[in-house]
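Engineer: what would the 3D arrangement of this be:
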Amino acid sequence: MDNILSMLGLAHRAGRVEIGEEPVGGAARAKKARVIFVAEDAGPSSQRRAFSFAQTGACLCLTVPADKDALGSALGRSSVAMCAVTDIGFAEALVKKLAAKNEKFIPAAEALSVKAKRAAERKREQAQHEKNLRRGKTRTKKQ
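Structural biologist: Numbers count the residues shown, from 1 in each chain. Sure thing, here's the model as predicted:
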């Protein structure tokens, strides 16, 4: 669990983590959140709101096997009940590590892997499109 929390801290230092109820809700509503992590000892109302944010933002919401103090210390705070990872690469790596530790996270890891592949494909297509615009190429007709 320590390496998962240290990777979450790394994502926070990279600016890819939103911490707390309001920032997580804002990231979810803006469709920026990729996965929302909730501490296992978070209150029922916090868990309910986090799962509601996940439904609104069409992202995953997972209860991590860490308490609020451990999650907070990984993110440089005293106590954190929920946080949202906004980078698809960090989110995929974190959920894969969770799935390796506990098999109940395997479906979430598979779903996030599919989302990551789609995002990478869209990024490649966008880069190719911008390259074609710079060169002045137009779309060819399909045969």
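
Engineer: what about this protein, any weak spots by pLDDT?
Structural biologist: Residues of the chain that meet the criterion pLDDT under 70 lie in 143.

Engineer: strands of that one, start to end?
Structural biologist: Along the chain, counting by DSSP state E, strands occupy 17-19, 35-39, 60-64, 82-85.

Engineer: quick one: which of the ones you listed is nearest Met1?
Structural biologist: strand 60-64 (8.2 Å; Cβ to Cβ). From N, CA and C alone the C-beta is placed, and that goes for glycine too.

Engineer: picking up where we left off before, of all the strands of the chain, which lies closest to Leu10?
Structural biologist: Closest approach to Leu10 among the strands of the chain is made by strand 17-19 (9.4 Å; Cβ to Cβ).

Engineer: measure Val64 to Leu98 for me?
Structural biologist: Remark: distance between Val64 and Leu98 (Cβ to Cβ, to the nearest Å) = 7 Å.

Engineer: then Lys31?
Structural biologist: Distance of Lys31 to Leu98, computed by Cβ to Cβ: 23 Å.

Engineer: including mean neighbour count and distance to Glu110, could the strands of the chain go into JSON lines?
Structural biologist: Shown next, in JSON lines, are the strands of the chain (neighbours: other Cβ atoms under 10 Å; distance: least, Cβ to Cβ, whole Å):
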{"stretch": "strand 17-19", "mean neighbour count": "22", "distance to Glu110": "23"}
{"stretch": "strand 35-39", "mean neighbour count": "26", "distance to Glu110": "13"}
{"stretch": "strand 60-64", "mean neighbour count": "20", "distance to Glu110": "11"}
{"stretch": "strand 82-85", "mean neighbour count": "28", "distance to Glu110": "17"}
